[in-house]
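[1] Can you look at this prediction? I've put the sequence above it.
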Amino acid sequence: MKIKVIFMALALAVSVNVEAQSFFEKVGKAVEKGVERGVQRAAEKQAEKAVNKTVDKATSGSSSSSSKPQQAQQAKQTQQAPAPSSSNNTSKHEYVDLGLPSGTKWATCNMGASSPEDAGSYFAWGEITTKYSYKEATHNLYGKEMADISGNSTYDAASARWGKGWRMPTKADFEELINNCRGQYILQGGVWGVKFTSKTNGNSIFLPTTGYKNDSALEQYNEKGYYWTSTPRSGFAHFGARFQLSKEGGKVDWGTAFYGYCIRPVAK
């Protein structure tokens, strides 16, 4: 009997021990899984933070990069701001409204010039292209009777080269300029010339002392200015009306047609 009891006690102890062992194994596994999950969650959070930081940095960089073209575009727009109200544009060439009775507008630069002080290109009267030698033998119209060529693109360099809306000034246009503006002989951008300021609205243009082309030589540059008008001299086929300026002032007279003078276009 005692032996049986002992065996039963031993069996119970073994059973309890096995169950206890099973219990502790389960608890151990649960703890292990909990720790593993905790570590995994911590790692996931750390990774998420790292990803977010990278994304933020990339977004910030992208925003900064995208702002640069915008800033460049804004700067470009600022540089391309419209000219003052006194200056307008026809076929990409600017003109100034001097408030003249006829409504004629004068270009801000000579043909072929990049600034008001630049002489630009030289033309024989009635020719629309420049050349190396300006003399009687090379003049296409020398000795030919012509009517006023203003606006005729076959002979008017301003109409031919600058396009619709532009023409050479007539003799009357220059006379109107002289009569309705105050002329002042000044040094501008290192070049002498006459500044014509409107008596009506105060706007002005500058005509430099261009000199002229005689054969292939440039003469009287920065001393006197010579500008063709579109008006021929009646009865004298080898002369055209020109505008001449110097420190003595400006006047309209006649010039030999084959000489190379500058042209200051006008528009309506």
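    Structure received.
[2] mind listing the strands in the stretch 51-200 of the chain by residue range?
    With DSSP state E, counting those that start in this stretch as the criterion, the stretch 51-200 of the chain has strands at 87-90, 93-97, 105-107, 166-167, 181-188, 191-198.
[3] out of the ones you listed, which comes closest to Tyr259?
    strand 191-198 (19.1 Å; Cβ to Cβ). (C-beta placed from N, C-alpha, C; glycine too.)
[4] Run the angle between that closest one and strand 181-188 for me.
    150 degrees (axes from the mean of the first three to the mean of the last three Cα atoms, to 10 degrees).
[5] Look up phi and psi at the closest residue to Ser121 other than its chain neighbours.
    Computed as Cβ to Cβ, 6 or more residues apart in numbering, the closest residue to Ser121 that is not its neighbour in sequence is Gly112, at 3.0 Å. Dihedral pair for Gly112: phi 80, psi 0, per degrees, to the nearest 10.
[6] what separates Gly112 from Ala158, distance-wise?
    11 Å (Cβ to Cβ, to the nearest Å).
[7] Those two: who's more crowded?
    Ala158 (27 against 16; other Cβ atoms under 10 Å).
[8] ok, the spatially closest residue to the more buried one that is not a sequence neighbour - contacts?
    Leaving aside its sequence neighbours, Ala158 sits nearest to Pro265 (Cβ to Cβ, 6+ apart; 3.8 Å). Shown in contact with Pro265 (Cβ atoms under 8 Å, 6 or more residues apart in numbering): 93, 107, 111, 158, 162, 166-169.
[9] so Met111 touches Ile263, yeah?
    Yes. Under the criterion of Cβ atoms under 8 Å, Met111 makes contact with Ile263 at 4.7 Å.
[10] Looking at these two, which has the bigger crowd around it?
    Per other Cβ under 10 Å, whichever of Met111 and Ile263 has more neighbours is Ile263, with 28 against 21.
[11] For the more buried one, give me phi and psi.
    According to degrees, to the nearest 10, Ile263 has phi -130, psi 130.
[12] For it, give me its contacts.
    110-111, 120-121, 123, 157-158, 168, 227-228 are the contacts of Ile263 under Cβ under 8 Å, 6+ apart.
[13] hmm, 7 Å instead?
    When contacts are counted by Cβ atoms under 7 Å, 6 or more residues apart in numbering, Ile263 touches 110-111, 123, 157-158, 168, 227-228.
[14] Also Ser150?
    156, 167-168, 170, 230.
[15] Please report how far it lies from Gly255.
    Where Gly255 is concerned, Ser150 sits at a distance of 16 Å (Cβ to Cβ).
[16] need the longest strand for this protein.
    Assignment by DSSP state E gives strand 236-246 as the longest strand of the chain.
[17] Hmm, Gly120 and the residue nearest to Ser121 touching each other?
    Yes. Under the criterion of Cβ atoms under 7 Å, Gly112 makes contact with Gly120 at 3.7 Å.
[18] can the contacts of Ser150 go into TSV with extra columns for neighbour count?
    Listed next are the contacts of Ser150 as TSV, based on neighbours: other Cβ atoms under 10 Å:
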residue	neighbour count
Asp156	23
Arg167	25
Met168	30
Thr170	20
Ser230	29
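[19] Farthest pair within those residues?
    Most distant of those, by Cβ to Cβ, are Asp156 and Thr170, 10.6 Å apart.
[20] Identify the contacts common to these two.
    Contacts common to Asp156 and Thr170, judged by Cβ under 7 Å, 6+ apart, are 150, 230.
[21] Overlap of the contact sets of Met111 and Ile263?
    157-158.
[22] Pull the number of nearby residues for Leu141.
    Neighbours of Leu141 (other Cβ under 10 Å): 19.
[23] ok, it touching Gly126?
    Yes. Leu141 lies in contact with Gly126 (Cβ under 7 Å); the separation is 4.2 Å.
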